[in-house]
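Enquirer: just need the structure, nothing else, for what follows:
(one chain, ligands or ions: 2)
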Amino acid sequence: MIAVLKNGTTEEQMNTLIDWLKAQNLQVHVSHGADYTVLGLIGDTRDVDMDLIGSLDIVETVKRVSEPFKQCSRKFHPEDTVIEIGGGDCDLVKIGGGNFAAIAGPCSVESKEQIIEVAKAVKASGAKLLRGGAFKPRTSPYDFQGLKADGIELLLEAKRATGMPIVTEIMNAAHLPLFEDVDLIQVGARNMQNFELLKALGKIKKPILLKRGLAATMKELLMSAEYIMAGGNEQVILCERGIRTYETYTRNTLDLSAVPQLQELSHLPVVVDPSHATGVRTLVPPMAAAAVAAGADGLMIEVHTDPAHAMCDGAQSLTPAMFDEVMQKVTKLREVL
Ligand code: PEP
Ligand code: MN
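Expert: Numbers count the residues shown, from 1 in each chain. Ligands and ions are numbered 1, 2, ... in the order given. Down below sits the predicted model:
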């Protein structure tokens with residue numbers, strides 16, 4: 001349920017209403033917008049007297065929210081959420097609400113030289129965040145599983161060398177102590193519905209990049225974001241990375257309609273990963289441009305200095321020169337838009 005407060009409601013009037021709602025065992029989520037304030041009521045609202053709330057002097061409207069997701073719903077929070085990443089020991093980057101950011105780097109961290117070289121290259125082309133997998137979710141247990149804790153250490157060295165905030169994937173909540181200095185924690189497609197992991201990430205104060213599951217609906221993606229937010233962590237970025245269809249020329253099928261649809265349903269930023277969505281290097285630049293045209297708040301692109309010898313996902317990795325071209329095109333496109 002949401003209650004929209006009238007313009008001119010005082011802080012004291014609002015707090016009186018909030019205390020009364022809390023006394024009915026409801027959680028109250030306050031969203032201050034430029035024009036009005038929205039109170040989002042979470043909990044069992046069946047016995048809440050809507051007519052009584054609607055008749056209060058300070059209340060403009062009161063409505064039930066039919067969607068099962070509440071905190072990530074735009075009805076609860078009409079304005080775009082801006083997620084701030086990094087700051088302190090590295091650059092401060094914003095995503096959402098008109099702030100666009102490209103995340104780039106290799107699929108996996110392989111060595112100190114590799115990650116620092118690629119970090120410098122993608123930064124020079126305009127990427128704001130450095131990605132690199134340390135714990136890799138591989139389909140085969142015999143494939144390279146990532147450098148794990150050492151991989152995170154190398155990402156931290158690249159952060160010190162370039163000032164870029166770092167993004168890397170977590171697969172197990174028990175690894176959280178290793179992610180202390182990671183600026184944006186990624187939940188991969190395969191773990192989108194690992195609810196215990198999502199609950200653990202709800203308890204921390206760090207931004208989360210939540211990737212859409214391989215066969216997840218948009219509603220399921222939003223429900224997973226809700227798990228994180230319900231725990232108290234409201235800093236979630238959604239990522240469209242393609243879904244599985246019957247097509248085999250591409251690794252997945254990039255669902256670009258998810259960008260405007262998720263933005264309509266939710267206030268959270270939406271970024272697009274055209275690398276895992278297509279699996280094919282030549283398809284990444286046009287799909288990156290299409291994602292920007294569709295209104296994405298950011299891109300995540302895999303870049304490797306020597307894709308032919310990459311330990312993971314070389315076929316979809318761009319060279320730094322290709323990435324540079326993509327960024328030039330994206331910049332022009334955003335100017336036109
Ligand atoms: C990744 O970004 O490294 C990754 C494994 O992606 P996804 O979870 O989307 O497959
Ligand atoms: Mn990859």
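Enquirer: use CA for all of it now, contacts and neighbours both
Expert: Fine.
Enquirer: Pro307 reaches Ser317, doesn't it?
Expert: Yes: here Pro307 lies in contact with Ser317, judged by C-alpha atoms under 8 Å, at a distance of 5.9 Å.
Enquirer: who has more neighbours, these two?
Expert: Using other C-alpha atoms under 10 Å, the more surrounded residue of Pro307 and Ser317 is Ser317, with 29 against 19.
Enquirer: for that one, phi and psi?
Expert: Main-chain dihedrals, Ser317, degrees, to the nearest 10: phi -80, psi 140.
Enquirer: burial count for the closest residue to ligand 1 within the stretch 201-337 of the chain?
Expert: Closest residue of the stretch 201-337 of the chain to ligand 1, C-alpha to the nearest ligand atom: Arg241 (5.3 Å). Neighbourhood size, Arg241 [other C-alpha under 10 Å]: 25.
Enquirer: ok, it touching Ala277?
Expert: Yes: assessed by C-alpha under 8 Å, Arg241 is found in contact with Ala277 at 4.8 Å.
Enquirer: identify the contacts common to the two.
Expert: Leu254 (C-alpha atoms under 8 Å, 6 or more residues apart in numbering).
Enquirer: which parts of the stretch 51-200 of the chain sit against ligand 1?
Expert: 107, 133, 188-190 (C-alpha under 6 Å from any ligand atom).
Enquirer: nearest to Arg251 among those residues?
Expert: Arg251 lies nearest to Ala189 out of those, by C-alpha to C-alpha, at 13.4 Å.
Enquirer: helix, strand, or coil at the closest residue to the closest one other than its chain neighbours?
Expert: Excluding its sequence neighbours, the residue lying closest to Ala189 (C-alpha to C-alpha, 6 or more residues apart in numbering) is Gly213, at 4.1 Å. State at Gly213, reduced to three classes by DSSP: H, G, I helix; E, B strand; the rest coil: coil.
Enquirer: got the confidence number for Gly213?
Expert: Looking at Gly213, its pLDDT is 98.
Enquirer: picking that back up, so how far is Glu264 from the residue of the stretch 201-337 of the chain closest to ligand 1?
Expert: Per C-alpha to C-alpha, to the nearest Å, Arg241 is found 18 Å from Glu264.
Enquirer: ditto for Glu220
Expert: From Glu220 over to Glu264 the distance is 16 Å, taken as C-alpha to C-alpha.
Enquirer: the two - which one has more neighbours?
Expert: Legend: neighbour count by other C-alpha under 10 Å for Glu220 and Glu264, higher for Glu220 (17 against 14).
Enquirer: tell me the SS of that one?
Expert: Glu220 ends up helix, using three-state DSSP.
Enquirer: could you check the pLDDT of it?
Expert: Looking at Glu220, its pLDDT reads 98.
Enquirer: what of Ala291?
Expert: For Ala291, the pLDDT comes out at 98.
Enquirer: repeat that for Val65.
Expert: 89.
Enquirer: just the one 3 residues further on next, same as before
Expert: pLDDT, the model's per-residue confidence, is 93 for Pro68.
Enquirer: look up how far ligand 1 lies from it.
Expert: As judged by C-alpha to the nearest ligand atom, to the nearest Å, Pro68 and ligand 1 stand 24 Å apart.
Enquirer: which intervals of the stretch 201-337 of the chain have sub-threshold pLDDT?
Expert: For the stretch 201-337 of the chain, no stretch has pLDDT under 70.
Enquirer: residues from it in reach of ligand 1?
Expert: So the stretch 201-337 of the chain meets ligand 1 at 211, 241, 276 (C-alpha under 6 Å from any ligand atom).
Enquirer: can you tell me how far the first one sits from Asn191?
Expert: Put plainly, it is Lys211. Using C-alpha to C-alpha, one gets 8 Å for the distance from Lys211 to Asn191.
Enquirer: these two: which is more packed in?
Expert: Lys211 (27 against 23).
Enquirer: show me what contacts that one?
Expert: Lys211 is in contact with 186-189, 192, 221, 238-241, counting by C-alpha under 8 Å, 6+ apart.
Enquirer: quick one: contacts for the residue of the stretch 201-337 of the chain closest to ligand 1?
Expert: Residues near Arg241 by C-alpha under 8 Å, 6+ apart: 189, 211-212, 254-255, 272-277.
Enquirer: now with 10 Å, please.
Expert: 188-189, 211-214, 252-256, 271-278, 300 (C-alpha atoms under 10 Å, 6 or more residues apart in numbering).
Enquirer: which two among the contacts of Lys211 are spaced furthest apart?
Expert: Farthest pair in these, by C-alpha to C-alpha: Gln186 and Leu221, 13.9 Å.
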